[in-house]
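Colleague: Sharing a model prediction with you, sequence too.
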Amino acid sequence: MSGPEVVLFDLGGVLLPFDRERRVRTLTRALKVTPEAARAFMESELHARLDLGRATEAELTSAMSELAGFAVPPDAARALLLSVFEAPNEALWSLAGELAGKVRVGGFSDNPTFVREIFPEGRDLDPMFWSAELGVSKTDARAFAAVEARLGLDPGAILLIDDTQANVVLARDLGWDAIHYRANGQLIGELAERGLE
């Protein structure tokens, strides 16, 4: 099998580990609400719209302020939303940097673009494809088609690394190569099988 021309990393759950309950705890403390209220807020349609670029940070700030019953500053609202993320997976960011010497290394994520703020210092992904800019998520074949068009590549030249099995299945169905990420060692082994060591 010939190796890919572009490797696209998912963010949440791969390069950026996350814990939804961590964010619930943070919202509960900062906004002085119950865990149930925090979970209900995170399950509201606002967050799906943020991920698709159909809601603004001003709407997020307004909604958090309404939930709290006091004014939440915009930077605090953004930080509270980002509190879902744990420390970056430094080993994988280093791996991405090493791969960039061999192929193009980018990202493909169902998130608003401000998630870039928590990339480790000095690290970037180029190209970076955000659902908030594409207007569709990775549950939709149109997102994959948009990425292909922007890359100007055939599907088989693109490798997706994602922790969500459904995204991996859809990518493969559309002709991409894809690795279901479960652990760093497993990923390194599967990359080596593709000549990326």
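Modeller: Sure, I can see it.
Colleague: Which stretches in the protein count as helices?
Modeller: 20-31, 35-42, 45-51, 57-68, 74-82, 90-99, 131-134, 141-151, 165-173, 184-193 (DSSP state H).
Colleague: Let's have those helices in a markdown table, adding mean neighbour count.
Modeller: To be clear about C-beta, it is placed using only N, CA and C from the backbone, and glycine gets the same treatment. Shown next, in a markdown table, are these (neighbours: other Cβ atoms under 10 Å):
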| stretch | mean neighbour count |
| --- | --- |
| helix 20-31 | 16 |
| helix 35-42 | 15 |
| helix 45-51 | 16 |
| helix 57-68 | 17 |
| helix 74-82 | 18 |
| helix 90-99 | 16 |
| helix 131-134 | 19 |
| helix 141-151 | 16 |
| helix 165-173 | 16 |
| helix 184-193 | 14 |
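Colleague: I'd like those laid out as JSON lines, including mean pLDDT and distance to Pro112.
Modeller: What follows is the helices of the chain, written out as JSON lines (pLDDT from 0 to 100; distance: least, Cβ to Cβ, whole Å):
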{"stretch": "helix 20-31", "mean pLDDT": "98", "distance to Pro112": "14"}
{"stretch": "helix 35-42", "mean pLDDT": "97", "distance to Pro112": "14"}
{"stretch": "helix 45-51", "mean pLDDT": "96", "distance to Pro112": "5"}
{"stretch": "helix 57-68", "mean pLDDT": "98", "distance to Pro112": "8"}
{"stretch": "helix 74-82", "mean pLDDT": "97", "distance to Pro112": "8"}
{"stretch": "helix 90-99", "mean pLDDT": "97", "distance to Pro112": "20"}
{"stretch": "helix 131-134", "mean pLDDT": "98", "distance to Pro112": "4"}
{"stretch": "helix 141-151", "mean pLDDT": "97", "distance to Pro112": "15"}
{"stretch": "helix 165-173", "mean pLDDT": "98", "distance to Pro112": "18"}
{"stretch": "helix 184-193", "mean pLDDT": "96", "distance to Pro112": "26"}
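Colleague: how about a markdown table for those, with distance to Val7 added?
Modeller: Formatted as a markdown table, the helices of the chain follow (distance: least, Cβ to Cβ, whole Å):
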| stretch | distance to Val7 |
| --- | --- |
| helix 20-31 | 27 |
| helix 35-42 | 31 |
| helix 45-51 | 23 |
| helix 57-68 | 30 |
| helix 74-82 | 25 |
| helix 90-99 | 6 |
| helix 131-134 | 18 |
| helix 141-151 | 11 |
| helix 165-173 | 12 |
| helix 184-193 | 8 |
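Colleague: what residues are up against the nearest residue to Thr113 once chain neighbours are set aside?
Modeller: Leaving aside its sequence neighbours, Thr113 sits nearest to Trp130 (Cβ to Cβ, 6 or more residues apart in numbering; 5.0 Å). If you count contacts by Cβ atoms under 8 Å, 6 or more residues apart in numbering, Trp130 has them with 53, 109, 111-113, 115.
Colleague: for Leu170, same thing?
Modeller: Per Cβ under 8 Å, 6+ apart, neighbours of Leu170: 138-139, 141, 144.
Colleague: let's see 10 Å
Modeller: 138-141, 143-144, 160, 162, 164, 176, 178 (Cβ atoms under 10 Å, 6 or more residues apart in numbering).
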